[in-house]
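Peer 1: Okay, sequence plus prediction incoming.
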Amino acid sequence: MTTFLGNALRGSFFLIFGLWWSIKYPMKHMLQKLNADNQQASRWIQFMDITEGTIKAFFALGGILAEQFVPNGPHLALYDEGTQNWVNLMNWQYMTMYLFYGFSGVVDILSYTPLKLPVGLDRLLVALALFSEGSLFYFHDYQGAVLTEHLYSLLSIAVFGAALGALLEVFLRDHILLELLRASLFILQGSWFWQIALVLHPPWGGPGWSQADAGNKNFLTMAFFWHFAVILLVMAVIGLTSRCCSNACRVDLDHIDVELDFGCCLRKINQTVDPVLLPKHEEK
């Protein structure tokens, strides 16, 4: 769907997962650091991964159905024999993108089943999903729409960057910097899809931005990196908050009273030890 709603839905998909990862991975790193040998911590991490995979597969299925069965969608028709033309190839391309993310969600779930999938396969599927998404945008024929092509070219920077990071994660498992890089680039994809929606399909009506104005291209190139700058600031705040929580909170997942409060651990609690008074020896 090349509409405001279609781009907004895609943007929301990437924003949700990017923001979730920006919170999940610092939390996961903190749990592993403070509870290295705690089985309960491992179960919490497993629960988060399975839930994430389920939501990813559900969103991907919803995206596939939306691209196919919207009122002006192809309704599973790929080629029209009567007109001898392809039917809504843009919808099919977006459907292909969602399909690979659906595969990634399924692998996330199967990674914790008795099938014992190879370690790193989940990250490999994320990399393949991103690579297919970036290729679809890069090789798409925009039919002379210069500004539209430029918008999606900028988006491809975030997509291929995230694909490279996810591929490195196949070999460098649980690397916090690579995980946060992937999260930031997913957020960038989400915010940029919203930017594309506002530029090409303004919700308040009227035509989109001029395709021929070179100033629009220059401004949007700057805006792309402004998006990324704001995202990095948000990620820094989340990282500092997690660091403060890990320094100030004691995690005890084996008991009901878990002393982990992410809302109240914004500063380190100073604890002082009362001096021990030793008895004075009486002089003889």
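Peer 2: Everything's here; your move.
Peer 1: all helices of the protein, in order?
Peer 2: Under the criterion DSSP state H, the chain contains helices at 4-34, 39-69, 89-110, 121-138, 146-171, 176-200, 214-248.
Peer 1: Helix 39-69 and the fourth one, what's the angle between them?
Peer 2: Using axes from the mean of the first three to the mean of the last three CA atoms, to 10 degrees, the inter-axis angle of helix 121-138 relative to helix 39-69 is 30 degrees.
Peer 1: who touches helix 121-138?
Peer 2: 53, 93, 96-97, 100-101, 103-104, 107-108, 111, 152-153, 155-156, 159-160, 162-164, 166-167, 169-170, 173, 182 (CB atoms under 8 Å, 6 or more residues apart in numbering). The C-beta positions use only the backbone N, C-alpha and C, and glycine is treated the same way.
Peer 1: Could you check how many residues crowd around L233?
Peer 2: The tally of other residues near L233 (other CB atoms under 10 Å) stands at 10.
Peer 1: so what pLDDT did it get?
Peer 2: If you check L233, the pLDDT there is 95.
Peer 1: got it, and D274?
Peer 2: On pLDDT, D274 comes in at 48.
Peer 1: what does the one 3 residues further on give?
Peer 2: Note on L277: pLDDT of 48.
Peer 1: M48 now?
Peer 2: pLDDT, M48: 87.
Peer 1: can you pull the contacts of it?
Peer 2: K24, K28.
Peer 1: same thing with the one 5 residues further on?
Peer 2: If a contact means CB under 8 Å, 6+ apart, then G53 has S104, G105, V106, V107, D108, I109, S111, D122 as its contacts.
Peer 1: where does L89 sit relative to T148, distance-wise?
Peer 2: 15 Å (CB to CB, to the nearest Å).
Peer 1: swap that for K28, sorry
Peer 2: Remark: distance between K28 and T148 (CB to CB) = 38 Å.
Peer 1: Could you do P114 as well?
Peer 2: 47 Å.
Peer 1: how close does the residue nearest to I187 when sequence neighbours are not counted get to D141?
Peer 2: Nearest non-adjacent residue to I187, counting by CB to CB, 6 or more residues apart in numbering: G18, 3.4 Å away. Distance from G18 to D141, counting by CB to CB: 29 Å.
Peer 1: Check L164 too.
Peer 2: Distance from L164 to D141, by CB to CB: 25 Å.
Peer 1: picking that back up, would you mind giving the contacts of G53 as JSON lines with pLDDT, neighbour count and distance to F225 added?
Peer 2: Below are the contacts of G53 laid out as JSON lines (pLDDT from 0 to 100; neighbours: other CB atoms under 10 Å; distance: CB to CB, whole Å):
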{"residue": "S104", "pLDDT": "94", "neighbour count": "24", "distance to F225": "28"}
{"residue": "G105", "pLDDT": "93", "neighbour count": "23", "distance to F225": "30"}
{"residue": "V106", "pLDDT": "94", "neighbour count": "17", "distance to F225": "35"}
{"residue": "V107", "pLDDT": "94", "neighbour count": "19", "distance to F225": "33"}
{"residue": "D108", "pLDDT": "92", "neighbour count": "24", "distance to F225": "31"}
{"residue": "I109", "pLDDT": "92", "neighbour count": "17", "distance to F225": "36"}
{"residue": "S111", "pLDDT": "88", "neighbour count": "20", "distance to F225": "35"}
{"residue": "D122", "pLDDT": "92", "neighbour count": "23", "distance to F225": "30"}
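Peer 1: and which of these is nearest P71?
Peer 2: Nearest to P71 among the contacts of G53: G105, at 27.2 Å, using CB to CB.
Peer 1: okay, and for the stretch 101-250 of the chain, where does confidence drop off?
Peer 2: Along the stretch 101-250 of the chain, the model assigns pLDDT under 70 to residues 245-250.
Peer 1: contacting residues for the closest residue to L200 other than its chain neighbours?
Peer 2: Closest residue in space to L200, ignoring its immediate chain neighbours: G208 at 4.3 Å, by CB to CB, 6+ apart. By CB under 8 Å, 6+ apart, G208 lies in contact with V199, L200, H201, P202.
Peer 1: Same question for S111.
Peer 2: Shown in contact with S111 (CB under 8 Å, 6+ apart): D49, G53, L117, L121, D122.
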